[in-house]
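K.L.:
need the 3D shape of this:
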Amino acid sequence: VLGLRGIRMAQVRPELLDQQLRALLQVSPLARCRILLPMVSEVDELLQIRQRLDELCAELGLSQRPELGVMIEVPAAALMAEQLAEHADFLSIGTNDLSQYTLAMDRDHAGLAARVDALHPALLRLIAHTCAGAAKHGRWVGVCGALASDPLATPVLVGLGVTELSVSPPQIGEIKDRVRHLDAAQCRQLSQELLNLSSAKAVRQACQHHWPLS
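P.N.:
Below you'll find the model as predicted:
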């Protein structure tokens with residue numbers, strides 16, 4: 001989990017990156033294509049890919065390029081969200097990897113997997129920091145990890161400033177219904193209080209109290 005993954009592999013094997021970008025630029029309509037860069041940890045990585053994407057668009061005679069976003073899945077990216085948002089079109093929080101990197105627990109480890117909970121206050125603080133940084137540049141923030149499909153977490157994510165949830169298909173109806181019945185102002189107020197709790201368990205208990213699941 002700490003090796004050559006995502007953007008790191010693209011830097012080592014630029015020919016693979018070019019092949020993937022060229023394929024993505026064949027999508028039609030191109031305006032509906034969004035490219036998300038995984039495992040970004042510094043701004044220069046984003047700028048390099050953005051420059052290469054612009055070069056390929058010019059080479060192919062394209063007048064527009066797809067939206068280019070950054071996956072927030074390492075703590076470094078969350079902490080630098082404001083700087084990344086200056087150059088990215090959107091940010092998407094990958095709560096699965098962000099949880100294991102923040103908590104230093106492999107989510108595939110039999111003895112630790114149950115403790116890798118994205119509702120840990122430390123994770124919520126990173127999500128809040130990401131949303132605040134993105135907002136300064138008018139960028140939207142999504143969540144594409146498992147937490148997006150957890151109805152108990154929906155009010156918290158809304159309250160912290162997340163604007164898009166990538167939900168597993170069987171739960172789309174449930175999560176949409178959950179969102180429709182939320183008071184955004186109340187979510188914002190109560191979510192800030194959750195940041196000061198002591199554990200993921202305490203956060204889950206508070207969520208169940210404030211926004212009980214029927």
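K.L.:
separation between the spatially most distant residue from the centre of the chain and Gln20?
P.N.:
Among the C-alpha atoms of the chain, the one farthest from their average position, using Cα atoms, centre = their mean, is that of Gly61, at 31.2 Å. Going from Gly61 to Gln20 by Cβ to Cβ, to the nearest Å gives 19 Å. The way it works is simple: take the backbone N, C-alpha and C, and place the C-beta from them, glycine included.
K.L.:
with Gln189 instead?
P.N.:
Applying Cβ to Cβ to Gln189 and Gln20 gives a distance of 43 Å.
K.L.:
one step back: and the residue farthest from the centre of the chain, what helix or strand is that in?
P.N.:
Assigned by DSSP states H and E, Gly61 belongs to neither a helix nor a strand.
K.L.:
if you rank every helix and strand of this structure by mean pLDDT, what lands last?
P.N.:
helix 7-12 (a mean of 91; mean pLDDT, DSSP states H and E).
K.L.:
let's see the longest helix seen in the chain as PDB, backbone CA atoms only.
P.N.:
Determined from DSSP state H, the single longest helix within the chain is helix 43-59. Listed next in PDB are the C-alpha coordinates belonging to helix 43-59 (Å, rounded to 0.1, in the frame of the first residue of the first chain):
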ATOM      1  CA  VAL A  43       1.000  20.000  -6.400                       C
ATOM      2  CA  ASP A  44       3.800  19.400  -8.900                       C
ATOM      3  CA  GLU A  45       2.400  15.900  -9.700                       C
ATOM      4  CA  LEU A  46      -0.900  17.500 -10.600                       C
ATOM      5  CA  LEU A  47       0.800  20.200 -12.700                       C
ATOM      6  CA  GLN A  48       2.900  17.700 -14.600                       C
ATOM      7  CA  ILE A  49      -0.200  15.700 -15.600                       C
ATOM      8  CA  ARG A  50      -2.200  18.800 -16.400                       C
ATOM      9  CA  GLN A  51       0.600  20.000 -18.700                       C
ATOM     10  CA  ARG A  52       0.800  16.600 -20.500                       C
ATOM     11  CA  LEU A  53      -3.000  16.500 -20.900                       C
ATOM     12  CA  ASP A  54      -2.900  20.000 -22.400                       C
ATOM     13  CA  GLU A  55      -0.200  18.900 -24.800                       C
ATOM     14  CA  LEU A  56      -2.100  15.900 -25.900                       C
ATOM     15  CA  CYS A  57      -5.300  17.900 -26.400                       C
ATOM     16  CA  ALA A  58      -3.300  20.300 -28.700                       C
ATOM     17  CA  GLU A  59      -1.800  17.400 -30.500                       C
END
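K.L.:
buried set for it?
P.N.:
For helix 43-59, a neighbour-count test (16 or more other Cβ atoms under 10 Å) marks 43, 45-46, 49-50, 53, 56-57 as buried.
K.L.:
save the residues you listed as JSON lines, and put in pLDDT too.
P.N.:
Output for the buried residues of helix 43-59, formatted as JSON lines (pLDDT from 0 to 100):
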{"residue": "Val43", "pLDDT": "98"}
{"residue": "Glu45", "pLDDT": "96"}
{"residue": "Leu46", "pLDDT": "97"}
{"residue": "Ile49", "pLDDT": "96"}
{"residue": "Arg50", "pLDDT": "96"}
{"residue": "Leu53", "pLDDT": "96"}
{"residue": "Leu56", "pLDDT": "96"}
{"residue": "Cys57", "pLDDT": "96"}
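K.L.:
low-confidence ranges in this protein?
P.N.:
The model of the chain has pLDDT under 70 over residues 1.
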